[in-house]
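**Q** requesting a structural model of the entry that follows:
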Amino acid sequence: MSHSHRPTTKQKHKPFKSGHASSRTLKDISKGKIQQEKAGGCVQKVHTKKDRKNLAKQIQQNKKNALKAQAGFFGDGRNKASRVCAIISLSTSMNPKFFVNGLQEFLEEPVSETANANVHIKNFKQRLQFVVPQSSSLLHILDAASIADTVIFLISAGEPLIDNTHARETLRALQSQGIPSHFSVIPDLKYDPDSMIERTEKRCLELRKMWEADLAQFFPVHHATSLYVMDSTTEITSMLRTLCTTIPDSPTWRSSRTYMLPSARDFDADGNFVVEGIVRGGSLSPDRTVHIPALGDFQIARITSAPVGIEEEDELATPSEKHDSLSPVYDDLDMDAPDPDDLIAEEQMRRGVRLDDHYYLDDGEEEVPVVKKVPRGTSEYQATWITDENALNSDEDPDVSDDESMDGNASDDERMTMGGGGAPSTYAPTQFEETHQDLSEEEEARQLADYRAQVKEDKEFPDEVDFDPSTTARERFRKYRGLRDFHQSEWDPEETEPNTPGWYRQILKFANYKATRNRIFKAKGPVAMGSRVRIYIKDVPRSILEREAGETIVWMNRELEQSRAVNHFTFQLEPGMEPIKSKADMMIQVGHRRFMAQPIFSQAINRTRNGLVRYERFAQPGRISFATIAGPAIIESGVPVLFFRPSPSSEISASRAGTGTETAVQLVGTGSFAGINHARLSIKRILLSATPFKIHKRLVTARYMFHSREDVNFFKAVQLTSKYGRTGYIKEPLGTHGYMKTTWDKQLQGVDTILMPLYKRIYPREARYYRS
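**A** Numbering: from 1, shown residues only. Purely as a prediction, here's the structure:
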């Protein structure tokens, strides 16, 4: 045994033995803790390596089957679908029809001169359908790209993208909408079309790389093989092989939407519009309505089969008793509530400003309860519940003026002395205003200066307003109320206010929008995708035959999409755009539908504790906002949204100044659909400001907020704030000229500003379909 020297500098203390703790010690340690029960449910089985390999093999096989089914959708069979190719010219010198004619020597049959040519490629056993939209119309280009399987861009080697405004606007709009499989073609790479001089090989390579770099700004997945030269026979053959053999990609929003590009169209003896073609995107149901761009929604009379070469047709489906109606159908409920004008009677106005959910009362007065409109016979307990997919039906109040029925606040906004002296713009329900009156240069400069001053003031002093001293504040701000805490105070979304539009009581209300949307997505129609059918559509105007065949597109609406709802979108201005004011006239494209609307902007917050979000007077550059409209319900998930305004006449290029009656539009903003929520309230805040006159510790005499003693007493209950973070209340009025004594939590500084926040609900304005 070896000797071990014990060190003298180390000493090991006796450890504490905690194994025999007393019951009192254990209770102190576990004080306040609750014993959690183990979660129930079956124990997940651990898969073996063999099971994991088998699962991966099944997933791989399912993907192969899906690709095989998608590839089998196209073909040269009698009832197979053609591959739709949209040819879009990005240069003013390129004519898409000349490009199609240039393919004649590589095709087995001649190409029709119409804008909807259909050709057969025997070598690849496929059929191609060329759709040529009007180059002068951005909306026609977007429509063609929305139904195309492949998009072909025609570009000119001598027109760089940086110098072509038309091309940049088109590519940006297509990028925002979502584009299917695409590639580009340069017909004039080897020869200059102006001088007809052959370019050197080095110059051709430089031009090709330049265009590849330019297109990569909009479509990063772009690669060298996606750009073909028309002068090369090898590349044209390769291009046709790409068109016929690859499985095209589809935008996400279109993959679950049923649509048809008719191959034949006409009217029958009963006046029904008959379209014949392949059902694409999903199954078709006769109970749903169909949407034709720029015309609106229509009902289906019946659906029959249309096999090629057989004249007899079998009836596949007819509408059932539960078919969708064009006019939204709501529960026929009588409303037990007074007229909205009764809510602002003098007896109620005398009681003082409204604070949260009740009116401020003087001593000895009784409180007047807030009146809600409920169906006849509804108990107080039932009224507290929100019904799913239910809207209240009542006639619009004829006594409310047009201005009040839109949002109830336009007149107030015009009276606010925040700048801007121009006349208010008119709102056309179905198209942009076509008449225009030129102003003098002085008046145009004055209005532009007022507008920019208003935008600047909104950024520097948001929400601060002044009013005419000759007008009483209690009358001027009668629609506003005070809130103790904007983030905590409750605001009943079902409440009927003096400025509530009559049609707003008929909106669709969802208890759970996502669950309803998922249920609608899973619904299947009796006519399967890929079927060749004839659809008989009711009440379509005969003027539709004046359109090109490629411009007639039939989309199927989903259930509830003919009802009115409160739709929310994210909104972001395009680079270089000036701020846009709320309620400005816009054209909004959501998927396959376009609306004429005046959206209101609010904070980009989807959910809050009490459902209140701040209203924004302007959509500022570099900031994401929410745009809200009341219009046809949108049953979608993450669909892209495009915002257009009429192009200024000075900015319309020669290529866009075509001969049609359609107004040229300009893309001003993009976003996505954020859902339907009637309980998300846009609240407008105003700040009445005062200046300290005398300061004695925490007592402050303030002035210039009001101009009469009655106004001070009316707004006495509203909490005051200051720019330096102090809070206070009005104690009493002083004199007859609006002076008031206030008390604060801490002493105010002489340079501080006293503010009174007041709030009002802004209702969205009603949107309608765009019709050209």
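
**Q** so what does the host helix or strand of A213 touch, helix or strand wise?
**A** The secondary structure element spanning A213 is helix 201-216 (assigned by DSSP states H and E). Identification of packing neighbours for helix 201-216 by 3 or more CB pairs under 8 Å, 6 or more residues apart in numbering; DSSP states H and E yields strand 181-186, strand 227-229. Using the backbone N, CA and C atoms, a C-beta is placed for each residue, glycine as well.

**Q** again, only using 7 Å
**A** strand 227-229 (3 or more CB pairs under 7 Å, 6 or more residues apart in numbering; DSSP states H and E).

**Q** which SSE is immediately downstream of the strand it packs on?
**A** Past strand 227-229, the next helix or strand by DSSP H and E is helix 233-245.

**Q** and the contacts of the helix holding A213?
**A** Outside of helix 201-216, the residues within contact range by CB atoms under 7 Å, 6 or more residues apart in numbering are I155, A157, P160, L161, S184, I186, L189, K190, H222, A224, L227.

**Q** in this structure, which residue is most central in space?
**A** Within the chain, the residue whose C-alpha comes closest to the C-alpha centroid is F569; the distance, by CA atoms, centre = their mean, is 3.2 Å.

**Q** isn't that residue up against I676?
**A** No: judged on CB atoms under 7 Å, F569 makes no contact with I676 at a distance of 10.9 Å.

**Q** pull the number of nearby residues for the nearest residue to P193 once chain neighbours are set aside.
**A** In space, P193 comes closest to S93 once its chain neighbours are excluded; the distance is 6.5 Å by CB to CB, 6 or more residues apart in numbering. Using other CB atoms under 10 Å, S93 is surrounded by 14 other residues.

**Q** wait, a helix at S93?
**A** No: using DSSP: H, G, I helix; E, B strand; the rest coil, the assignment for S93 is coil, not a helix.

**Q** hmm, back to that, the residue nearest to the centre of the chain pairs with what?
**A** A627, F673 (DSSP bridges).

**Q** ok, it - contacts?
**A** Counting by CB under 7 Å, 6+ apart, the residues that F569 touches are F626, A627, V641, G671, S672, F673, A674.

**Q** repeat that for P632.
**A** Taking CB under 7 Å, 6+ apart as the definition of contact, the neighbours of P632 are E561, Q562, R564.

**Q** give me the distance between the second one and H323.
**A** Distance, Q562 to H323, by CB to CB, to the nearest Å: 11 Å.

**Q** who has more neighbours, the two?
**A** Legend: neighbour count by other CB under 10 Å for Q562 and H323, higher for Q562 (20 against 14).

**Q** quick one: contacts of stretch 267-280?
**A** Residues external to stretch 267-280 that are found in contact with it (CB under 7 Å, 6+ apart): 81, 258-266, 301, 306, 527, 529-538, 540, 542, 544, 554.

**Q** what about that stretch, start to end distance?
**A** In terms of CA to CA, to the nearest Å, the two terminal residues of stretch 267-280 are separated by 22 Å.

**Q** and stretch 615-628, by the same measure?
**A** 10 Å.

**Q** what comes up buried for that stretch?
**A** Y615, E616, R617, F618, A619, Q620, S625, F626, A627, T628 (16 or more other CB atoms under 10 Å).

**Q** hmm, F467 is touching R474, no?
**A** No: the pair formed by F467 and R474 falls short of the contact definition of CB under 7 Å, at 11.2 Å.

**Q** confidence score at L642?
**A** The score at L642 is 96. That number is its pLDDT.

**Q** pretty sure W253 is in a strand, no?
**A** No: assignment of W253 by three-state DSSP gives helix, placing it outside any strand.
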